[in-house]
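*Asks:* Whatever this is, show me its structure:
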Amino acid sequence: MFTSPSNQPIKVFGVGLGRTGTLSLCIALEKLGFGPCYHPLHVPRDQGRWVEWAKVMEGQTDPEFIDSILKGFNSAVDSPVALVADTLYKTYPDAKFILTTRDLDKWIESNMAVFFNPQLQSLLPVFERIQKGTLTDEDHNLLASMPDGQGPWLIAARSRPSMKGKHPLEGLREEFLNHTAWIKEVIPSDKLLIFNVKEGWEPLVKFLGVSEPEEPFPKVNEAANMADRIREFLDPILQLQ
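*Replies:* Numbers count the residues shown, from 1 in each chain. Presented below is the predicted three-dimensional model:
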């Protein structure tokens, strides 16, 4: 079995898709003693990790390589970890996994609001060409110039089988349902909690074997945080177009 070189090997993974309460879960995990927690919105800059995550998506499953990406964290949630849950389970078989979920129609509505962000509209054709395998030289140049190496990650994430050949706004319902089924398939039931943040502390602390805090369960406006992150991410890219 792989032994993490970290003094505090990662203990908890949140493998729900974005906009299912992952940021609230991340903050909750930190309050329960499982911090620091890795979240793509919670970490101001990803310090080049996006390139490494792309390699994992493309089949790099060496345990020491994966552990090096997550060094310094005791928990991790949302993408990219949600998309490589099977690899993470093989690397950290003693970890616990939490699948955040929410009302499907509200999740689709939230995603549509993100995709219809005016700043993002100009990049939708690029995302579509990634998913259809028709990237142009200009697209490759744009993706290569993205901050923090996020271009390779976007190509890897949007080229996965469930996304290929589709427009970015197609198949959201299918993606949500397929992801839920896949997580249940690759993570043993005794290692998995299916969790809606509306349930509060009780199921979470019971699953993790810790005491319930006296303070309320954190409720974070993930959509607002996502809007801020999109602006931070897109501003330097749009200047290149």
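
*Asks:* Look at residue 72 and give its secondary structure.
*Replies:* Going by DSSP: H, G, I helix; E, B strand; the rest coil, the secondary structure assigned to residue 72 is coil.

*Asks:* and residue 99, what are its phi and psi?
*Replies:* Backbone torsions for residue 99, taken as degrees, to the nearest 10, come to phi -100, psi 100.

*Asks:* Just to check, it is in contact with residue 180?
*Replies:* Yes - look at residue 99 against residue 180 with Cβ atoms under 8 Å: they come within range, at 6.8 Å. The way it works is simple: take the backbone N, C-alpha and C, and place the C-beta from them, glycine included.

*Asks:* quick one: which of the two has more around it?
*Replies:* residue 99 (22 against 18; other Cβ atoms under 10 Å).

*Asks:* What residues are recorded as beta-bridge partners of that one?
*Replies:* residue 194 (DSSP bridges).

*Asks:* From residue 185, how far out is it?
*Replies:* Per Cβ to Cβ, to the nearest Å, residue 99 is found 12 Å from residue 185.

*Asks:* same check, this time on residue 191
*Replies:* In this view, residue 191 and residue 185 are 13 Å apart by Cβ to Cβ.

*Asks:* higher neighbour count, these two?
*Replies:* Shown here are residue 191 and residue 185; by other Cβ under 10 Å, residue 191 has more neighbours (16 against 9).

*Asks:* Ramachandran coordinates for that one?
*Replies:* Residue torsions, per degrees, to the nearest 10, at residue 191 are phi -110, psi 0.

*Asks:* contacting residues for it?
*Replies:* Residue 191 makes contact with 89, 95-97, according to Cβ atoms under 8 Å, 6 or more residues apart in numbering.
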